[in-house]
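>>> Could you work out the structure for the sequence below:
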Amino acid sequence: MPPSYPPTFPATSAAHQQHPPQLSSSRRRPRVDSHSDPDTSDNAHATASNSLGKRPRGEYTFSPSAQLPTTMSAKVQGKRPEVIDLTQTPSPGRPFNSSVGGGRPGGISGLQPHLGPRKLVIKNLRPTTSRQKAGADEYYSRTRKDLDNALTAIFAGSPTGQPMERLYRGVEDLCRNGEAESLYNLLKERCERWLVSDAGIGQLRREVTTNSKHWNAIDIVEAVMQVYQRWNERMLTVRKVYSYLDRSYLLLQSTVGKEVQGRQGVNDMGISLFRKAVFGPRNATLPLALGGAVLTGMITLVMHDREQVVDQTMAVVDKSQLLKESVTMLKVFGVYGKFFEPSFLETSHNFYEEAAGQLSESCGLRDYIKRIDALLKKEEHMCDFYGFDSTTKRQLLQDAHRVLIEKYSKKLLDSGSVAKLLEADDVPSMKALYQLLKLSGLQEKLKQPWDSYIKAVGSDIVSDVTRGDEMVLRLLELRRSLHIMIRDAFDHDEIYGFGLRDSFNAFMNDKRNNSVWNTSTSKVGEMIAKYVDMLLRGGLKTLPKSLLSDNKDKANAERSGLAATGDEDSELDTQLGHALELFKFIDGKDTFEAFYKKDLGRRLLMGRSASQDAERSMISKLKGECGANFTHNLEQMFKDQELSKDEMASYKTWLAGTGKTTKGGVDLTVNILSAAAWPSYNDVKMTLPKEVLEQTTSFDAYYQAKHTGRKLTWKHNLAHCVIKARFDRGPKELLLSAQQGSILMLFNDIPDGAPLSYSQISQATSLTGNELDRTLQSLACGKSRVLTKAPKGRDVSPTDTFTVNRAFTDPKFRVKINQIQLKETKEENKETHERVARDRQFETQAAIVRIMKSRKTMGHAQLVAEVINQTKARGAVDPGEIKANIEKLIEKDYIEREDGNYVYLA
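You can find the predicted model right below:
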């Protein structure tokens, strides 16, 4: 039986190349060894030996017309025969042009055309016999039949019946025999035949063309994809069998020569045939009916995914893999951008229009934002998940932003709806709204409803007379919520920070808001001073938790290099900084100064400060904000306390030097205050215990002797003391005010258990009225009752009597008994505001005089502007008030009018 491959024969001339080789009994190919000696002359020889039964690994190929390119891979070169151009004759002193793997005239390295052609002489050439030729023809015929049967089996999905190696060798031998063109045409014809058959898409295409309404678009996509998958499986096997044809004939010759230009490889041919069968030729402007149905089905799948279609079993219809594979198929066919993308974008635009209209009518702003945000995220995820092109994704999202956001921007920027979200502290919705507007570049337009909300809410807080004591707390809570909104929702966008500051400055200085308090000065400044007093007296425990720093604030503080906010002192300093932020907005800083100085003096004298470091930190902050002139008196108050300590040390040294001792165990400490720096306090008439009176008289004499011309005015109502008391359950130390101590000391002069009447206490201490009632109430009706009142009750009357509560007990050794504080009366508050207004008038007049003294002559507008500039550190002055003060100075002959200008009079 002949072998399954044709044995080769030695190379011969072009005339003998078409004769079949002689058959060999051996399956091995004969080896052909060729050699060309470049040093030979015109009689150079090339010999080739052939042993029967051996198949050579290569053969000489003589083809003057169809020559191969010289640029090929090393793998291909290893399988190509040596090429010798026999159309050229050798010339003396020059070798034949040859190369391993192929060559062509003019393309060989080292070619010397000026030497002329060369001649090749082959010796001992055996002619082929008729028997060898007949065996080769039989082999080629059988090989063609085997390949045809193999294609039939492959397309039928059954085994080929022949080993894949033998089929591959058969394709190789046919190609070497010059039958590559016919082999390719046959393969292409068989592929086309299977595609248009009922096993391929023939029946499906006919049914869709004749009765498209009968078919569901998604079912068509599934059917086409099933055929496409079968086609890919079969073409994969075909490519393996025809790999040699692909590499040696199609790929290498696809771009060489005009007659084979545009030739496709097996894979490209399969893609082109399937695309043509489904969508039509490449240059078609519209797809075929089947292709159009596929596109419709794919878009239907997208719409089902958007609308979250649920089937009758309530399970989500999952066609994601089908759609993903379909998109990949369109990209392979090259029809994605031509047919699918335009139709998909048009359908998506209509979907966005319909969805936006329905949501706008049926949803409020919060729900609209939520639904639109979810839709956009889903669209973006869909593009990535299904593998849409980046251009499709960009155009799709741009159209969605234009329809869903820009077209309905009035709804998104509605002031009333935005205010509801801000009032509810709905950070997620505001963040989604900001991100939506940012996608279309409209985020800056959100500033207008943002500012309107802040001004409206802030004005309501400032003008709320019934909740005046809570004004600053509510303002800080508002600022805190807005700060969190900027941080978490607006990504620290500075434009909203600017809007926050401008809006606070507007409503805090609005005269319409201050007018409801019947004051000409800033009510907000007063309330900020009282808030700071509460914070410095009570510490963080007086604040709601909503104002305290959260974890994000602490992390930001640490990253910025500030002190950690985990400890109480740092947090207290942070809260003082927040109060100072409100202080920066107000114009009436002199009002704040008046009330702050009043409260500071009370805290320093009565030792009620929660932290001395916090007190000095606040002074430092105020100095940095308003300058040294603003805090001069405040700093002097601290200096007076330091000087008082030195004065007391000097007094005790003098007392020890004179041999005088304190009687009754009284340890006196006196704070000497300068009247100019400290606020004025009302005098309360009271009689001190004789032991204390002796000490104060002694110190007064010492001070008068040391500082001639100075006069001390004692403010006993601001004094406090520590008294040691013995009760049945043990001794205690009582921290008391001077009034409380004076009353308790009266019980040392009467027998144990004896009572003192209301009138007796009043006569002995000189305390009367509300002052005496408050003091007795704190001792006998408060939490720590060191006195017992008869009859019992929460109020004190002139008929009551008081005795020492011998059974008094407390877990602490040192017990502080707080004096019941009187709230500031309306008259006192009004008096403070009037004093601030008077001081502002005097300061304005002083500024006018200073300016006119240096300028001599000025116009009205220039003078007003200069006065405002010099007095703005302590508060803005209304131009009308400046004009009124100018008139007063004209009446006092400081300045006069001359030719429309003001002239200074020396």
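
>>> Need the three-state assignment for the residue nearest the centre of the chain.
When C-alpha atoms, centre = their mean is applied to the chain, the residue found nearest the centroid is D491 (5.3 Å). Here D491 is recorded as coil under DSSP: H, G, I helix; E, B strand; the rest coil.

>>> tell me the strands in the stretch 701-850 of the chain, going along the chain?
For the stretch 701-850 of the chain, strands defined by DSSP state E, counting those that start in this stretch occupy the ranges 720-727, 730-737, 756-757, 787-790, 801-804, 814-816.

>>> strands paired with the third one, and their directions?
When pairs are called by DSSP bridges, strand 756-757 turns out to pair with strand 801-804 (antiparallel).

>>> now swap in the first one and tell me
Paired neighbours of strand 720-727 in the sheet (DSSP bridges): strand 730-737 (antiparallel).

>>> For the partner strand, buried residues please.
Judged by neighbour count (16 or more other C-beta atoms under 10 Å), strand 730-737 contains these buried residues: 732, 734-737. In this view, the C-beta of every residue, glycine as well, is placed from N, C-alpha and C.

>>> If you drop the residues flanking it in sequence, what lies closest to L422?
Y453 (5.1 Å; C-beta to C-beta, 6 or more residues apart in numbering).

>>> So the one you found is in contact with G416, correct?
No - judged on C-beta atoms under 8 Å, Y453 makes no contact with G416 at a distance of 9.5 Å.

>>> C781 versus the closest residue in space to D773 that isn't next to it in sequence, what's the distance?
Among residues not flanking D773 along the chain, V796 sits closest, at 4.8 Å (C-beta to C-beta, 6+ apart). Using C-beta to C-beta, to the nearest Å, V796 is found at 7 Å from C781.

>>> now I220
Taking C-beta to C-beta as the measure, I220 falls 93 Å from C781.

>>> Show me which of those two is the more surrounded one.
Legend: neighbour count by other C-beta atoms under 10 Å for I220 and C781, higher for I220 (24 against 16).

>>> wait, what's in contact with that one?
Counting by C-beta atoms under 8 Å, 6 or more residues apart in numbering, I220 touches 204, 208, 290, 293-294, 296-297.

>>> Next, the residue nearest to L422: phi, psi?
phi -60, psi -50 (degrees, to the nearest 10).

>>> That one: what's it in contact with?
Contacts of Y453 by C-beta under 8 Å, 6+ apart are 415, 418-419, 422-423.

>>> Confirm for me that the residue nearest to D773 is in contact with K789.
Yes - at 7.1 Å, V796 and K789 qualify as touching, with contact defined as C-beta under 8 Å.

>>> These two - which one has more neighbours?
More neighbours surround K789 than the other of V796 and K789, with 23 against 20 (other C-beta under 10 Å).

>>> May I have the beta-bridge partners of that one?
Beta bridges link K789 to F802, judged by DSSP bridges.

>>> what's the spacing between it and P751?
Separation of K789 from P751 (C-beta to C-beta): 19 Å.

>>> now do A675
Shown here: A675 relative to P751, a distance of 45 Å by C-beta to C-beta.

>>> re earlier: and the residue nearest to L422, what pLDDT?
Confidence at Y453, expressed as pLDDT, is 94.

>>> can you check A223 too?
For A223, the pLDDT comes out at 91.

>>> repeat for P751
87.

>>> same question, V670
Turning to V670, the model gives it a pLDDT of 90.

>>> Do you have the helices of the stretch 751-900 of the chain handy? List them.
Applying DSSP state H, counting those that start in this stretch to the stretch 751-900 of the chain gives helices spanning 758-765, 769-780, 826-855, 860-871, 879-891.

>>> Check the stretch 301-450 of the chain too.
Along the stretch 301-450 of the chain, the segments classed as helices by DSSP H, counting those that start in this stretch run 320-333, 341-362, 365-386, 390-401, 409-412, 415-423, 427-439, 447-462.

>>> Adding distance to R144, write those helices out as TSV.
As requested, those are exported to TSV (distance: least, C-beta to C-beta, whole Å):
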stretch	distance to R144
helix 320-333	31
helix 341-362	45
helix 365-386	45
helix 390-401	47
helix 409-412	72
helix 415-423	79
helix 427-439	64
helix 447-462	81
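
>>> What strand or helix carries the closest residue to A579 other than its chain neighbours?
Using C-beta to C-beta, 6+ apart and skipping residues adjacent in sequence, the residue nearest A579 is V532, 5.4 Å away. Using DSSP states H and E, V532 falls within helix 523-538.

>>> Wait, M648 touches V670, no?
Yes - the pair M648 / V670 is scored as a contact, 6.3 Å apart, by C-beta under 8 Å.

>>> in the stretch 401-550 of the chain, what spans have low per-residue confidence?
Low-confidence segments of the stretch 401-550 of the chain, defined by pLDDT under 70: 520.

>>> Name the nearest residue to P287, sequence neighbours excluded.
Nearest to P287 is F279, by C-beta to C-beta, 6+ apart, at 4.5 Å.

>>> Now do the shared contacts for V796 and C781.
By C-beta under 8 Å, 6+ apart, V796 and C781 have these common neighbours: K789.

>>> Check the residue nearest to Q395 when sequence neighbours are not counted and give its pLDDT.
Among residues not flanking Q395 along the chain, L345 sits closest, at 5.8 Å (C-beta to C-beta, 6+ apart). With respect to pLDDT, L345 scores 95.
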